[in-house]
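quick one: sequence and predicted model below, then my questions.
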Amino acid sequence: MKKLSLLFALCPLLIWGNDTNIPSKIKGVTVFLSGAQVTREAMTHLNEGTTELAFGGLSHKIEESSIQLSGLQSVSILSLSYDIVYSSHAKGDPQILEWEMSLETLQNEVALLKNVISGLEEEEKVITTNRLVSTDSQALDLAKIKEISRYYRERITAIKNEVFKTNLKIKTLNAEMRVLKKQLTEANNAPEEAEGKITIKFDAPTGTSLRLLFTYLVKNAGWIPAYDIKSGKINDPLDLAYKAHVYQKTGKDWEDVNLTLSAAHPNINIARPNLGSRYLNFVSRYADRPRSDALKKYKYVYNPTVKQVTGIVTDDSGTPLPGCSVVVQGTDKGTQTDFDGYYSLAVSGGRDLAFSYLGFKPEQMPIYSSIVNVTLEEDAAALDEVVVTAYSSTAAVSASRPENMLQGQAAGIHIRGNSGFEPPQRPLYIIDGVTAVDFVEGDLDEDEIESIEVLKGANAISLYGSKGSQGVIVITTKKNRLEADLTNTRFNIEKPYSITSDGDITAIEINKFQLEADYEYYAAPIVNENVFLTATFTNWEKYNLLPGEANIYFEGAYAGKTTIDPYTVKREMLLSLGTDPNITVTRRQERNFKRKSFTGSNRILDRTYGLYVRNNKGIDIALKLVDRVPLSQNKEIKVDDIVTKSADYDEKKGLLTWIMNLAPGERRSESFSFQVKFPRYKTISL
């Protein structure tokens, strides 16, 4: 009999079928900026020969082509399939099991209380029966009758009261049972949930026990870089807390799993592109342009928590672009930038923003932050094809603005042969694939340069046309290498975390740093009359920062939100700690009646501006004040008689800078002036 019982107990282990689900447990998860790789462990035993097993209870968001299996030893896989099945939410749900146990407990309590009532009712019958027997069988005196009557009355009353109280308890318990039954009915009638199931057919040469490890990619998961930056007071080091906001909605909770955060993108198509021949022919000037831009590196990642996005759209010089179209890609939601280039847009349901402006290349940007500032690149080729028609005549309007110019002035490299080139006999400079107009020595530090390649003669002309006739100097900066390092960043989280499958954010602190920073008050009243407190720090590359939002705290108060974007930073990373209303800066155009407005065929505009600063704080401050003199882009427009007085003037960029040290309550005023001369029948954008 014992042998027979043992045989029945072993039957489930000897007979496997498609309905046999082998339990598995999540051992670790690598969370990418978009998506995640899950590693599960399962223990099983295989008999010699062919065995088919199913591993259920998985996410229904698995990408089937990503499933990998290890730990097979000498076992072979004959087939592997992934299916989505539907199971009742009630099956095995701990909450439902708890409700069922509570209902059973209440039912038992009601049964016991009913037994108490039955006992009391039997006692009442016995008392009543005994009273009748006693009065019929013997003669009682008056005192004895009173005593018996009082006993009967008190006991019967006590029994009635106890039955009443017990019924009240039963009524309360019945109400609780009705609530539980309703919850159970709703749970049992809930729609079935989708689950993933991997079915594998194994071929084992001998009976063996296996520890199988499954890895697969899932969608609807990711992490978002975030930062808290705190400063106690001016000149204190910055405390930077590097955080990850992890989310997942894969259909299965991750309970006490080991997490690894990765900045890689697992879903990038790694197939090598094929480049074929291109044949030229004549087409209409109004025909659609062929795609000329190469596929760019994927830097920014969609942030699903953003519901409202704001930002500023500017050109290469930092000038706001009013009227720029901003559209949530794939929807009818859109807006335009205001006079200051500012926009605000609800983006729920969208993943990308599309920016378009006449004369500039369109830009598409993932909604990676609630603050998305964009710099549009001028499209000279597009402007060349704009045709203006008036009085039956046409004229092509060509782009007049210079191309991107490499920013920054510092002692830097010397390229042999550069001194021999003078405009227009200068070589063409290409910096990271972008033409750099007016590039001079010092625009790049030596430690920024990865490599330099000099092209001459036919090689230069074949690649860059006539613009390369004086030679081409191709410079690759270390920024490209930095981007590669950033996209391969991995963080191993020390303690296990539980991430529920509800899409909510779980904040995980990656690291903390203390950064030595330089503080400075900054004002550019031509664009904004507020005075900003800024902090700059260097050596940020070693912290593996990624684009993300940062909460700024200064002197124990929340100063606002900004965006950290290491992809656009060169030497220093600058943070704005907010505005200070205790420092005022006013810019005013002064009247000038001495000059004539016209001379000959030209019109003359004289401009004098006054800048007025006051320190209302109780401490000394250092303020950097900036303004600008316009630069001419047309030989018919002359900018002369520039008077900058005490300002540090950058003639190439037209920028004026004053460094002021102001005592408490001190006032300071500065001024500058210039003259613009242009044909009297034309209009300029001064």
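Great, that's in hand. Numbers count the residues shown, from 1 in each chain.

which residue sits closest to Ile371 in space, ignoring its chain neighbours?
Nearest residue to Ile371 in three dimensions, chain neighbours excluded: Thr563, at 4.6 Å (C-beta to C-beta, 6 or more residues apart in numbering). (Each C-beta comes from the backbone N, C-alpha and C, glycine too.)

let me see the mean pLDDT of the strand or helix carrying that neighbour.
Per DSSP states H and E: Thr563 is located in strand 557-564. Averaging pLDDT along strand 557-564 gives 85.

report all helices and strands that it contacts.
Using 3 or more C-beta pairs under 8 Å, 6 or more residues apart in numbering; DSSP states H and E, the elements in contact with strand 557-564 are strand 548-554, strand 573-579.

can you do 10 Å?
In terms of contacts (3 or more C-beta pairs under 10 Å, 6 or more residues apart in numbering; DSSP states H and E), strand 557-564 is packed against strand 221-231, strand 548-554, strand 573-579.

between the ones you listed, which gets the lowest average pLDDT?
Within these, the stretch with the lowest mean pLDDT is strand 573-579, showing a mean of 84.

helices or strands up against that one?
strand 221-231, strand 238-248, strand 518-524, strand 528-537, strand 548-554, strand 557-564.

including distance to Ile508 and mean neighbour count, could those strands go into JSON lines?
Compiled in JSON lines, those are given as follows (distance: least, C-beta to C-beta, whole Å; neighbours: other C-beta atoms under 10 Å):
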{"stretch": "strand 221-231", "distance to Ile508": "8", "mean neighbour count": "23"}
{"stretch": "strand 238-248", "distance to Ile508": "5", "mean neighbour count": "21"}
{"stretch": "strand 518-524", "distance to Ile508": "30", "mean neighbour count": "18"}
{"stretch": "strand 528-537", "distance to Ile508": "24", "mean neighbour count": "18"}
{"stretch": "strand 548-554", "distance to Ile508": "13", "mean neighbour count": "20"}
{"stretch": "strand 557-564", "distance to Ile508": "17", "mean neighbour count": "15"}
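
distance to Ile583 added to the ones you listed, as CSV?
What follows is the helices and strands packed on strand 573-579, written out as CSV (distance: least, C-beta to C-beta, whole Å):
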stretch, distance to Ile583
strand 221-231, 17
strand 238-248, 21
strand 518-524, 6
strand 528-537, 4
strand 548-554, 15
strand 557-564, 15
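
which one of those strands lies closest to Met365?
Closest of the helices and strands packed on strand 573-579 to Met365 is strand 557-564, at 11.9 Å (criterion: C-beta to C-beta).

state the helix or strand in which Glu195 lies.
Element membership for Glu195 (DSSP H and E) is strand 193-204.

just checking: what are the partner strands of that strand?
strand 49-58 (antiparallel), strand 76-87 (antiparallel) (DSSP bridges).

by contact count, what packs against the helix or strand encompassing Thr128?
Using DSSP H and E, Thr128 sits within helix 94-137. The helices and strands touching helix 94-137, judged by 3+ C-beta pairs under 10 Å, 6+ apart, are helix 142-188.

now the helix it packs on against helix 94-137, angle please.
160 degrees (axes from the mean of the first three to the mean of the last three C-alpha atoms, to 10 degrees).

so which elements touch helix 142-188?
helix 94-137.

quick one: the helix it packs on to chain centroid distance?
On the basis of C-alpha atoms, centre = their mean, to the nearest Å, helix 94-137 sits 64 Å off its chain's mean C-alpha point.

now that helix: average pLDDT?
80.

what is the least confident helix or strand in this structure?
Using mean pLDDT, DSSP states H and E, the weakest-scoring helix or strand in the chain turns out to be strand 393-397, at a mean of 33.

low-confidence ranges, the stretch 551-686 of the chain, go.
569-570, 592-596, 598-599 (pLDDT under 70).

where along it do the strands fall?
All strands of the stretch 551-686 of the chain, identified by DSSP state E, counting those that start in this stretch, fall at 557-564, 573-579, 583-590, 598-599, 602-615, 621-628, 638-643, 648-650, 655-662, 667-679.

possible to save the ones you listed as CSV with distance to Ser348?
Below are these laid out as CSV (distance: least, C-beta to C-beta, whole Å):
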stretch, distance to Ser348
strand 557-564, 19
strand 573-579, 28
strand 583-590, 39
strand 598-599, 56
strand 602-615, 43
strand 621-628, 38
strand 638-643, 48
strand 648-650, 44
strand 655-662, 41
strand 667-679, 47
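
relative to Ala524, which of the ones you listed is closest?
Using C-beta to C-beta, these put strand 621-628 closest to Ala524, at 4.9 Å.

partner strands of that closest one and their direction?
Strand 621-628 sits in its sheet next to strand 518-524 (parallel), strand 655-662 (antiparallel), going by DSSP bridges.

and Thr538, which of these is closest to it?
strand 518-524 (8.9 Å).

next, the angle strand 528-537 makes with that closest one.
Using the same axes, to 10 degrees: strand 518-524 against strand 528-537 is 160 degrees.

quick one, strand 518-524 and strand 602-615 angle?
Calculated by the same axes, to 10 degrees, strand 518-524 forms an angle of 140 degrees with strand 602-615.

mean confidence score for strand 518-524?
The pLDDT scores in strand 518-524 average 92.

now stretch 350-361
Averaging pLDDT along stretch 350-361 gives 90.

ends of that stretch, how far apart?
End-to-end span of stretch 350-361 (C-alpha to C-alpha, to the nearest Å): 22 Å.

residue numbering should commence at 59 henceforth.
In the new numbering, first residue 59, that becomes stretch 408-419.

do you know how far the residue nearest to Ile429 is from Asn431?
According to C-beta to C-beta, to the nearest Å, Thr621 stands 7 Å off from Asn431.

chain neighbours aside, what residue packs nearest to Val687?
In space, Val687 comes closest to Gly712 once its chain neighbours are excluded; the distance is 4.7 Å by C-beta to C-beta, 6+ apart.

run through the residues that contact the residue nearest to the spatial centre of the chain.
With distances taken as C-alpha atoms, centre = their mean, Asn361 lies nearest the centre of the chain, 3.5 Å away. The neighbours of Asn361, taking C-beta atoms under 10 Å, 6 or more residues apart in numbering as the test, are 91-92, 280, 282-284, 303, 305, 367, 405, 409, 424-428, 430, 605-607.

and Tyr667, how many neighbours?
For Tyr667, the neighbour count with other C-beta atoms under 10 Å is 18.

residues touching it, list them.
Contacts of Tyr667 by C-beta under 10 Å, 6+ apart are 583-584, 645-648, 685, 687, 714, 728-732.

rerun at 8 Å
If you count contacts by C-beta atoms under 8 Å, 6 or more residues apart in numbering, Tyr667 has them with Arg645, Arg646, Gln647, Glu648, Asp685, Ser729, Phe730, Ser731.

filter those down to the buried ones, ChimeraX style.
A single ChimeraX command suffices to select whichever of the contacts of Tyr667 are buried according to 16 or more other C-beta atoms under 10 Å:
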select :645,685,729,730,731
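
and which of the contacts of Tyr667 is nearest to Thr493?
Asp685 (28.5 Å).

quick one on the thing from earlier: just say helix, strand or coil for the residue nearest to the centre of the chain.
Following DSSP: H, G, I helix; E, B strand; the rest coil, Asn361 is assigned to coil.

quick check, pLDDT for it.
Confidence at Asn361, expressed as pLDDT, is 85.

I figured Ala284 hits Tyr305, correct?
No - between Ala284 and Tyr305 there is no contact under C-beta atoms under 8 Å: 11.9 Å.

residue boundaries of the helices in the stretch 459-608 of the chain?
Assigned by DSSP state H, counting those that start in this stretch, the stretch 459-608 of the chain shows helices spanning 515-522, 537-545.

for the first one, name the packing helices and strands.
For helix 515-522, the packing partners by 3+ C-beta pairs under 8 Å, 6+ apart come out as strand 486-489, strand 530-535.

identify all contacting residues around the longest one.
Identification of contacts with strand 530-535 by C-beta under 8 Å, 6+ apart yields 473, 485-490, 502, 506-514, 518, 521-522.

again, only using 7 Å
473, 485-490, 502, 506-513, 518, 522 (C-beta atoms under 7 Å, 6 or more residues apart in numbering).
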